[in-house]
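Q: Fold the stuff below for me.
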Amino acid sequence: MVEVKTAKDFFETILPQRFKPEKAKGVEVIVNIAISGINGGEWIVTIKKQTLKIKEGNHDSPTISLKMSEKDYLDVINGKLSGEKAFFLGKLKLKGNISQALRLKDAGLF
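A: Numbers count the residues shown, from 1 in each chain. Got it, this is the predicted structure:
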């Protein structure tokens, strides 16, 4: 597995390759992901009908909102920290349906 260096690289290059449509069956979400830090930013990840769409920005009415620091996010996507542990340690701020958020992991978002 290639180590991801920036959040932007993850959203533009890695996530489209890592996405597992077969694991996203029945998942229909709009996720705002806000990454703080020098190389951070905001992205909208939409999964609908087992299809992934990614764009920069902030959706007005997302299903789920996630906020993390760049360092913590890179640790999660590089497998150094689990999303669940990040949440319980307060490193991941989540608004929305937690069970749907857990399904995002199976689909390859974490």
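
Q: can we go C-alpha only for contacts and neighbour counts from here?
A: Fine.

Q: can you map out the helices along the protein?
A: With DSSP state H as the criterion, the chain has helices at 7-9, 15-18, 70-77, 83-88, 98-106.

Q: which residues sit in contact with Leu52?
A: Residues in contact with Leu52, defined by C-alpha atoms under 8 Å, 6 or more residues apart in numbering, are 16, 19, 21, 45-46.

Q: want to throw the residues you listed into JSON lines with distance to Ser99, neighbour count and pLDDT?
A: Output for these, formatted as JSON lines (distance: C-alpha to C-alpha, whole Å; neighbours: other C-alpha atoms under 10 Å; pLDDT from 0 to 100):
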{"residue": "Pro16", "distance to Ser99": "22", "neighbour count": "16", "pLDDT": "93"}
{"residue": "Phe19", "distance to Ser99": "18", "neighbour count": "21", "pLDDT": "92"}
{"residue": "Pro21", "distance to Ser99": "18", "neighbour count": "17", "pLDDT": "92"}
{"residue": "Val45", "distance to Ser99": "17", "neighbour count": "22", "pLDDT": "96"}
{"residue": "Thr46", "distance to Ser99": "16", "neighbour count": "20", "pLDDT": "96"}
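
Q: Low-confidence regions, the protein specifically.
A: Where the chain drops to pLDDT under 70, the residues are 1.

Q: which residue ranges form the strands in it?
A: For the chain, the strands defined by DSSP state E cover 29-36, 41-48, 51-56, 64-69, 93-96.
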